[in-house]
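Enquirer: Quick one, fold the following:
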Amino acid sequence: MSVEWGESFHKLKQGKIILWAGPVSTPDVVRDAIELVSSPQFTPFGCQAEMSSFIQSNHGAAVFSEMATGKTASVLMGCGLDNGKEIDFIDASSGCIKNGARTRIIEDGLKNNRQNHKIIFINHEGVWRDPLAKFLETLDLFAICIDESHRIKSSSSKVCRWAAMQDRRHPRARRIILTGTPCPRDPVSYTHLTLPTKA
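Expert: Below you'll find the predicted structure:
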């Protein structure tokens, strides 16, 4: 019997926690995908089934596919969020980071319906800032997803450095990047965001 990445680290009665970073336009896309995969009538296309299978069988994955090919839904399926459990979307993209407003939004969302899966959304510009970043380190994340990853153009940018550090901060969490926009660099250049670094 194969064990899904992270499965043994999450209580069966509790849902998985996914940290989703992206631009401010992303929440509506994720909400639509949640509604789609939660529908009993949902049948994935072949490309979605292939993408989700690849994500499910790898600790790190990069999904570079054209727009409107179902990347977001594929990531949700790849993380096992299409199993009938409710999915709560926690939008922590607004509010002052320094005074802990976004941290409180996340804490309140995690307290409610603990058996549900949780997707925490934070925008690219906020996810690496303290004290929010330090708070995120305390969470037991099943996966970290960076949407519109073509925006991470420089390995010296703060969000890119934050992403590359997640294998140390969350070694058990899957790391997934996705984009539908042609990447400004060779896809191999992005592997440091998804593959574990050598000890």
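Enquirer: in the protein, which ranges drop under the pLDDT threshold?
Expert: For the chain, applying pLDDT under 70 flags the ranges 1-13, 153, 182-199.
Enquirer: Do you have the helices of it handy? List them.
Expert: For the chain, applying DSSP state H gives helices covering 26-38, 46-56, 71-78, 101-111, 132-137, 158-164, 166-169.
Enquirer: is it possible to export the ones you listed to CSV including distance to residue 64 and mean neighbour count?
Expert: All C-beta atoms are positioned from the backbone trio N, CA, C, and that covers glycine. Shown next, in CSV, are the helices of the chain (distance: least, Cβ to Cβ, whole Å; neighbours: other Cβ atoms under 10 Å):
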stretch, distance to residue 64, mean neighbour count
helix 26-38, 16, 17
helix 46-56, 10, 17
helix 71-78, 9, 26
helix 101-111, 29, 16
helix 132-137, 25, 17
helix 158-164, 16, 19
helix 166-169, 19, 17
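Enquirer: Now distance to residue 90 too, for those, in CSV please.
Expert: As requested, the helices of the chain are exported to CSV (distance: least, Cβ to Cβ, whole Å):
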stretch, distance to residue 90
helix 26-38, 10
helix 46-56, 21
helix 71-78, 15
helix 101-111, 4
helix 132-137, 12
helix 158-164, 19
helix 166-169, 18
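Enquirer: So which of those is nearest residue 145?
Expert: helix 71-78 (5.8 Å; Cβ to Cβ).
Enquirer: just checking, what packs against that closest one?
Expert: Packing partners of helix 71-78 (3 or more Cβ pairs under 8 Å, 6 or more residues apart in numbering; DSSP states H and E): helix 26-38, helix 46-56, strand 60-64, strand 174-179.
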